[in-house]
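A.B. asks: All I have is the shape, not the residue letters:
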């Protein structure tokens, strides 16, 4: 199903897994998430992809020859696992896991709700 962005949030979320991922830094799509105090159960994964691009100062601290390889394979603390999903209510969202450590005490990375989407066919009505 084709969707287009309708609202941008980029806010932290808490995710729900039936079973935690085997590799924390390479998670599958969660079964749900909690955002602004409301629980959303994911019923369908529309699309998923990985983005290993280095951003900001992380993009400038690597030799060009290694940058190409890192963008394909990833490197420590760099990368996003992205998911477009449909939830029980029929709403569409895009969420991602950012592997970048927040600080020395939180090296696991964080989950974010990038935004809400609407189906392309709804937009045309």
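C.D. replies: Arrived safely. What you are looking at is a predicted structure, and each value in this text was computed from that prediction instead of being measured.
A.B. asks: Toward the C-terminus from the helix or strand bottoming out on mean pLDDT in the chain, list the very next helix or strand.
C.D. replies: Ranking every helix and strand in the chain by mean pLDDT, DSSP states H and E puts helix 64-73 at the bottom, with a mean of 54. Reading on from helix 64-73 to the C-terminus, the next helix or strand found by DSSP states H and E is strand 80-87.
A.B. asks: need the strands for this structure, in chain order.
C.D. replies: 3-12, 14-16, 32-35, 38-51, 80-87, 92-98, 110-119 (DSSP state E).
A.B. asks: from those strands, which stretch is densest packed?
C.D. replies: Highest mean neighbour count of the strands of the chain: strand 92-98, a mean of 22 (counted as mean count of other Cβ atoms under 10 Å). C-beta coordinates here come from the backbone N, C-alpha and C atoms, glycine included.
A.B. asks: spatially speaking, which residue is in the middle of the protein?
C.D. replies: The chain has residue 96 as the residue nearest its centroid, 0.8 Å off, counting by Cα atoms, centre = their mean.
A.B. asks: Can you tell me who it pairs with across the strands?
C.D. replies: Residue 96 has these beta-bridge partners by DSSP bridges: residue 82, residue 112.
A.B. asks: TSV for the strands of the chain, including mean pLDDT and distance to residue 25?
C.D. replies: TSV is the format used below for the strands of the chain (pLDDT from 0 to 100; distance: least, Cβ to Cβ, whole Å):
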stretch	mean pLDDT	distance to residue 25
strand 3-12	96	17
strand 14-16	97	14
strand 32-35	98	18
strand 38-51	96	11
strand 80-87	96	9
strand 92-98	96	8
strand 110-119	95	12
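A.B. asks: sorry, back to before: mind listing what the residue nearest to the centre of the chain touches?
C.D. replies: Contact analysis of residue 96 by Cβ atoms under 8 Å, 6 or more residues apart in numbering lists 80, 81, 82, 83, 111, 112, 114.
A.B. asks: Apply 7 Å and report the result again.
C.D. replies: Residue 96 makes contact with 80, 81, 82, 83, 112, 114, according to Cβ atoms under 7 Å, 6 or more residues apart in numbering.
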